[in-house]
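> Below are the sequence and a predicted model; questions follow.
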Amino acid sequence: MHEVPDELIRLERSAEEERGRLAGLTGDEYGAQLRRWREASQAV
């Protein structure tokens, strides 16, 4: 079994936190948060 680097785990957690912040947002706020989530996801 391979060990997952701590940095990768931190990046994944960050992406999931950003995704969670999408809940309840609409319009421009949703679009801005969606961009933040996508950027965090790409870092993973």
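Sure thing, it's come through.
> all contacts plus neighbour counts: C-alpha atoms, from now on.
Noted.
> Pop out the phi and psi values for G24.
Main-chain dihedrals, G24, degrees, to the nearest 10: phi 80, psi -10.
> check which helix or strand covers the residue positioned nearest the centre of the chain.
Centroid-nearest residue in the chain: A15, 1.8 Å away (criterion: C-alpha atoms, centre = their mean). In the assignment (DSSP states H and E), A15 maps to helix 6-20.
> what mean pLDDT does the following helix or strand past that helix have?
Note on helix 6-20: by DSSP H and E, the next helix or strand toward the C-terminus is helix 27-43. With pLDDT averaged residue by residue, helix 27-43 scores 96.
> circling back to that earlier point, do you know how far the residue nearest to the centre of the chain is from M1?
For A15, the distance to M1 (C-alpha to C-alpha, to the nearest Å) stands at 24 Å.
> residues making contact with stretch 15-24?
The contact list for stretch 15-24 (C-alpha atoms under 8 Å, 6 or more residues apart in numbering) reads Y30, Q33, L34, R36, W37, R38, A40, S41, V44.
> Switch those over to TSV; also include neighbour count.
Below are these laid out as TSV (neighbours: other C-alpha atoms under 10 Å):
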residue	neighbour count
Y30	15
Q33	19
L34	17
R36	17
W37	21
R38	13
A40	19
S41	17
V44	14
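> Quickly name whichever of those residues is closest to R10.
Using C-alpha to C-alpha, V44 is the member of the contacts of stretch 15-24 that lies nearest R10, at 9.0 Å.
> pretty sure the closest one contacts E7?
No: the pair V44 / E7 is not scored as a contact, 9.2 Å apart, by C-alpha atoms under 8 Å.
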